[in-house]
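Q: Quick one: sequence plus predicted model below, questions after.
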Amino acid sequence: MSRTGKPGPPTAPASTPDGPNDVQMLSVNARRVVLAGTAAFGLAFVVLLPFWSWLGEHDHRVWLWTALAGTVLGLLALPLVRKHTGEGRLG
């Protein structure tokens, strides 16, 4: 059975401010995000520290080391965020 009308090529939707053709970059304060994450990991480390023996008895001491690693890595990231922000690579 043949069709009488053949559909044309699909047309792109009209460009609107909310449409996919007008995507704007999200501005994020990276320094604040890194500081918040570092503070959260630091707080977790301080809260878990009194439970050293309990964590060891139950083989959960990795939580303590994860919190410490997150704190140290966050502190190491702060100078990088400052450098990249100064060069205009971050919001």
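A: The structure has been received and is ready for your questions.

Q: residues in contact with stretch 41-60?
A: 61, 63, 64, 67, 68, 69, 70, 71, 74 (Cβ atoms under 8 Å, 6 or more residues apart in numbering). Every residue, glycine included, has its C-beta placed from N, CA and C.

Q: per-residue confidence averaged over the strand or helix carrying residue 55?
A: Using DSSP states H and E, residue 55 sits within helix 52-57. Averaging pLDDT along helix 52-57 yields 95.

Q: Buried residues in the helix or strand just after that helix, which are they?
A: As assigned by DSSP H and E, the chain's next helix or strand after helix 52-57 is helix 62-86. Neighbour-count burial for helix 62-86, counted by 16 or more other Cβ atoms under 10 Å, picks out 64, 67, 68, 70, 71, 74, 77, 81.

Q: now stretch 43-54
A: 44, 45, 48.

Q: before we move on, which element is the residue nearest the centre of the chain in?
A: Centroid-nearest residue in the chain, with Cα atoms, centre = their mean: residue 33, separated by 8.1 Å. Using DSSP H and E, residue 33 maps to helix 30-48.

Q: Could you tell me how far that helix lies from the centre of the chain?
A: In terms of Cα atoms, centre = their mean, to the nearest Å, the centre of helix 30-48 is found 14 Å from the chain centre.

Q: any idea of the mean pLDDT in stretch 28-44?
A: On average, stretch 28-44 scores 95.

Q: Please state the offset of the helix holding residue 55 from the chain centre?
A: 31 Å.
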